[in-house]
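Participant: Just need the structure, nothing else, for what follows:
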Amino acid sequence: MIISPCISICKTDPVTGYCYGCGRNNSEKKLWKNENTNDEWKMKNLDEIKKRLNGWQLESFLESYENKINKGISLYKEKSEK
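Facilitator: Modelled structure (predicted):
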């Protein structure tokens, strides 16, 4: 199972249409939730996301996504619960 790239920072850039947190657009978010979406598409989408993000935004995404994979919670949620 591939973990969703949502890192709980759900705000969309009005110019690009991409989420500031995970870098996905609305149609990609819907595909991630669709039970028929295969892992191959998800892996390809993760690669696309990483190419869209850069600088601190990419670093923040990678760190939070890694935390979500390892601990089951994004850094944003983890810090907001403390």
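Participant: What is the distance between whichever strand or helix holds Asn45 and the centre of its chain?
Facilitator: According to DSSP states H and E, Asn45 maps onto helix 39-52. Centre-to-centre, helix 39-52 and its host chain are 10 Å apart (CA atoms, centre = their mean, to the nearest Å).
Participant: Tell me which residues are up against it.
Facilitator: Helix 39-52 is contacted by residues 1-2, 5, 18, 22-24, 28, 31-32, 58, 61-62 when judged by CB atoms under 8 Å, 6 or more residues apart in numbering. For glycine as for every other residue, the C-beta is placed from the backbone atoms N, C-alpha and C.
Participant: Name only those of the residues you listed that count as buried.
Facilitator: When the contacts of helix 39-52 are checked for burial by 16 or more other CB atoms under 10 Å, the buried set is Pro5, Tyr18, Cys22, Gly23, Arg24, Glu28, Trp32, Phe61.
Participant: And Glu66, how close does it get to Ile3?
Facilitator: Glu66 is 10 Å from Ile3, where distance means CB to CB, to the nearest Å.
Participant: if we can go back for a sec, if we only consider the buried ones among the contacts of helix 39-52, which is nearest to Thr12?
Facilitator: Among the buried ones among the contacts of helix 39-52, Tyr18 lies closest to Thr12 (CB to CB), at 6.9 Å.
Participant: which residues touch the closest one?
Facilitator: Contacts of Tyr18 (CB under 8 Å, 6+ apart): Thr12, Arg24, Asn25, Arg52.
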